[in-house]
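Engineer: sequence? don't have it. structure:
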């Protein structure tokens with residue numbers, strides 16, 4: 001069965017305030033690193049880049065990502081058994097489809113993704129993990145799973 005998954009929340013920033021506070025308190029603009037790589041201060045990828053540049057990798061504790069999707073109860077049970085992500089769900093129909101919200105800090109996602117993309121979980125759970133990882137990579141977070149190799153089997157992969 002094909003299930004849906006969409007990012008529900010993304011990091012947003014009040015760029016004007018963020019720049020002003022950093023200039024006032026740190027004598028440096030957080031966007032200077034963006035200028036050096038030709039990136040505009042407009043999205044969560046830029047925000048993440050400035051946080052890590054200004055405050056180091058420890059700043060990832062303050063990044064939070066949520067997804068809204070549909071799946072089966074079996075997949076939701078595996079997610080809750082293998083990760084510490086926060087989940088809320090509601091049954092959609094008597095066939096066992098559920099709508100869910102899945103959320104966590106970047107630290108939680110860093111540890112959850114390898115579990116969701118492993119050979120030890122069902123196909124639907126791998127599909128969910130693959131799609132979450134795809135979005136997280138699109139948000140500029142690919143480096144956190146760069147030590148893993150994606151091993152493909154048909155349209156899905158596991159992380160090794």
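Structural biologist: Structure received. Because the structure is a prediction, the values reported are computed rather than measured. Residues are numbered from 1 along each chain as shown.
Engineer: what helix or strand is the residue sitting nearest the centre point of the chain on?
Structural biologist: By C-alpha atoms, centre = their mean, the chain has its centre lying nearest to residue 136, at 4.0 Å. Assigned by DSSP states H and E, residue 136 belongs to helix 123-136.
Engineer: that older thread, quick one: pLDDT of the residue nearest to the centre of the chain?
Structural biologist: With respect to pLDDT, residue 136 scores 94.
Engineer: Tell me if I'm right that residue 109 and residue 137 touch.
Structural biologist: No - judged on C-beta atoms under 8 Å, residue 109 makes no contact with residue 137 at a distance of 11.2 Å. From N, CA and C alone the C-beta is placed, and that goes for glycine too.
Engineer: In terms of neighbours, single out the busier of these two.
Structural biologist: A direct count of neighbours by other C-beta atoms under 10 Å for residue 109 and residue 137 places residue 109 higher, at 25 against 15.
Engineer: Over to the more buried one. Which of the three states is it?
Structural biologist: Classification of residue 109 by DSSP: H, G, I helix; E, B strand; the rest coil places it in helix.
Engineer: what residues are up against the residue nearest to the centre of the chain?
Structural biologist: For residue 136, the contact set (C-beta atoms under 8 Å, 6 or more residues apart in numbering) comprises 65, 109, 113, 142, 144.
Engineer: Kindly report the same for residue 30.
Structural biologist: Going by C-beta under 8 Å, 6+ apart, residue 30 touches 18-19, 22, 50-51, 53-54.
Engineer: With pLDDT and neighbour count as extra columns, can I get those residues in TSV?
Structural biologist: Converted to TSV, those look like this (pLDDT from 0 to 100; neighbours: other C-beta atoms under 10 Å):
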residue	pLDDT	neighbour count
18	91	18
19	92	18
22	91	17
50	91	24
51	89	20
53	90	17
54	87	17
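Engineer: Grab the nearest non-local neighbour of residue 86.
Structural biologist: Spatial nearest neighbour of residue 86, chain neighbours left out: residue 103 (4.7 Å); criterion: C-beta to C-beta, 6 or more residues apart in numbering.
Engineer: what about that neighbour, how many neighbours?
Structural biologist: 18.
Engineer: try residue 94
Structural biologist: Each residue near residue 94 was counted by other C-beta under 10 Å, and the total is 6.
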